[in-house]
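[1] missing the sequence, but the structure's below:
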Ligand code: NDP
């Protein structure tokens, strides 16, 4: 049998394994199938290449350009996923597991591509929050901005998700504009290597955007500086060792950790046997125990059920677990494959024995179980094992020992507060789930337990058809947890991108803020164009381009007409005495929507032109009422432009309405689609 040589990709070159290479065994047969690692890898050369070649190339691109790049890379990987599936079986993963790892990884990249286009600017600076008023007259303002770190992100990944584990970190990093060096866990690095080869082969990434270390990192971490980031997934022990590296501490290198987690799932007190929630709970727990043979950072390790349902849960869960066909993951009948290695299997058995000191094994015998299509002695197979802990209050190991395999412990609770106490005994987890149809229970758990978990997942009969599963981290939602889970945070939409950027508070005049943020700020210089802005195409409009309209007087007839025409005869517009009794109005006033309509009438250019559609209106505020006899005028400024496609782009206009005394009457942002 040929042994695959798993290379690293360093400074634009593939480097084959060399001195210090480690053998990698098949999870199914135990035979050596690959070799990876090279002590002579030039890690300083890799860091230099990322910092000097990859970083500048990525930073030159806008967020939208990088988002488009991610979308194209994800599509390319999607076309070649069969090759990754074929290889990934060797890690013990089934076809269903591939969907989570490979399709899930590609899907995550697509979501970041889409969020980058929709939620980030087509520019180089990401604005965090609104402008802060720091002065009485508005000549000195504040704004938080994010710009890409100018170093390199070193991603150290766990063995369990060789593709998703990489892509969930790579996507936000590249979108931020930061190059990365990926170091997968050696046990499954051959799948990651193929995925990196595909990404490079696509020709879509600039040189230096991604490099790969197959095998050990050498002393790379000793060479990191203040512009670099380490994002780690793996064991608490390794995280502790790496994050306490003196160079990392001295240079305040960002260290994002996602490590052990004793995730709990609570069955609500309302979810008694016979309810849809009870069945759902059993199904979710069984799925979490067996998917990826339980090697999931989010898997349910602790099952927390009302005391009076514990026996029923054990019976129902055991019945489902008994149907789990264990075997060669390539077989269609197999529901649970192997653990990644025999070393991992030994580790799980050791941890299960520790849990066994405080809990009784009520399902699954590691010495007696069937394996289909493979040799149970040679491959890293284990059956699902369910433990019952009768005294969860005095127990400690069941709350702190992560058996990273198909192992879970059930424990009973007396009331919701007790369930919360048990869930929190994990001292920080990635996710806790609550299966309940009672919103009051959900709220009690959220308040009592939220601070201990990175994610709370609620499910019941109303959401179960569309829910995404306790164990699935979603690119839109935060992944990471406090305490034992590492204290890190990944994903969570654009939040995940900002972990690779520096947030800087900017203070200065409106012109300075407008120039930096590529967005017009009220008070900044107005640009006057010769033609009406609605006659100018998307590309011709400049940020800050402004028009001032003539004034229009609002009459009582206008108010009466609008009221009768629309049916909005609210007393404040119709009844002087009643309006006067209202603390907001001096007497009868014009409708706010009448003012908006008049404003449109004042600024619109009626002829066919580049404005294709009015697509919305944001942040509308009415500041001062307008009475009959008052007049209004409008200022319309180009605030921000966002390209949508090759034909048109969105223009965000800042609109203010002022009265005859120049007092602000209303303010809003108008959105139009303008032809290119
Ligand atoms: P490790 O912590 O041993 O390894 C995680 C990553 O760190 C791997 O890429 C590993 O590389 C790398 N690594 C280890 N030592 C160093 C070092 N000195 N310098 C740089 N990189 C290093 O975890 P495993 O993947 O082996 O899993 C072991 C246990 O971790 C599991 O049994 C489980 O308990 C826990 N785990 C928890 C996860 C979670 O998210 N909750 C996820 C995965 C694992 P290499 O493979 O080459 O050693």
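    Cool, got the structure. All values derive from a computational prediction rather than experimental measurement.

[2] So which residues on the stretch 451-600 of the chain come close to the ligand?
    For the stretch 451-600 of the chain, no residue is in contact with the ligand (CB under 6 Å from any ligand atom). In short, each C-beta sits where N, CA and C put it, glycine included.

[3] Helices of the stretch 451-600 of the chain, start to end?
    Applying DSSP state H, counting those that start in this stretch to the stretch 451-600 of the chain gives helices spanning 494-498, 510-517, 556-566, 571-574, 576-581, 592-603.

[4] List the buried residues for the longest one?
    The neighbour-count check on helix 592-603 (16 or more other CB atoms under 10 Å) flags 592, 594-596, 598-599, 602-603 as buried.

[5] cool, the fourth one as well?
    Applying a neighbour-count criterion of 16+ other CB under 10 Å, the buried positions in helix 571-574 are 572-573.

[6] starting at the chain centroid, how far to that helix?
    Centroid separation for helix 571-574 versus its chain: 48 Å, with CA atoms, centre = their mean, to the nearest Å.

[7] Show me what that helix is packed up against.
    Packed against helix 571-574 by the contact rule (3 or more CB pairs under 8 Å, 6 or more residues apart in numbering; DSSP states H and E) you find helix 556-566, helix 576-581.

[8] next one: the first one
    Counting contacts by 3+ CB pairs under 8 Å, 6+ apart, helix 494-498 is packed against helix 104-119, strand 126-133, helix 164-176.

[9] got a list of what residue 487 touches?
    257, 428, 480-481 (CB atoms under 8 Å, 6 or more residues apart in numbering).

[10] Pick the one among these closest to residue 644.
    Closest to residue 644 out of the contacts of residue 487 is residue 480 (32.8 Å), distances taken as CB to CB.

[11] can you pull up the bridge partners for whichever residue of the stretch 501-650 of the chain sits closest to the ligand?
    Closest residue of the stretch 501-650 of the chain to the ligand, CB to the nearest ligand atom: residue 501 (23.9 Å). Going by DSSP bridges, residue 501 is paired in beta bridges with residue 148.

[12] now do the one 4 residues further on
    In this entry, residue 505 is beta-bridged to residue 144, by DSSP bridges.

[13] I'd like to know how many residues surround it.
    10 (other CB atoms under 10 Å).

[14] What separation do you get for it and residue 514?
    Applying CB to CB, to the nearest Å, the value for residue 505 to residue 514 is 17 Å.

[15] Same question for residue 673.
    Relative to residue 514, and taking CB to CB, residue 673 is found at 23 Å.

[16] Ok, residue 555 next?
    38 Å.

[17] want to throw the helices of the stretch 451-600 of the chain into TSV with mean pLDDT?
    Below are the helices of the stretch 451-600 of the chain laid out as TSV (pLDDT from 0 to 100):
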stretch	mean pLDDT
helix 494-498	97
helix 510-517	95
helix 556-566	97
helix 571-574	96
helix 576-581	94
helix 592-603	97
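
[18] Go through those helices and name the closest to residue 90.
    helix 494-498 (30.1 Å).
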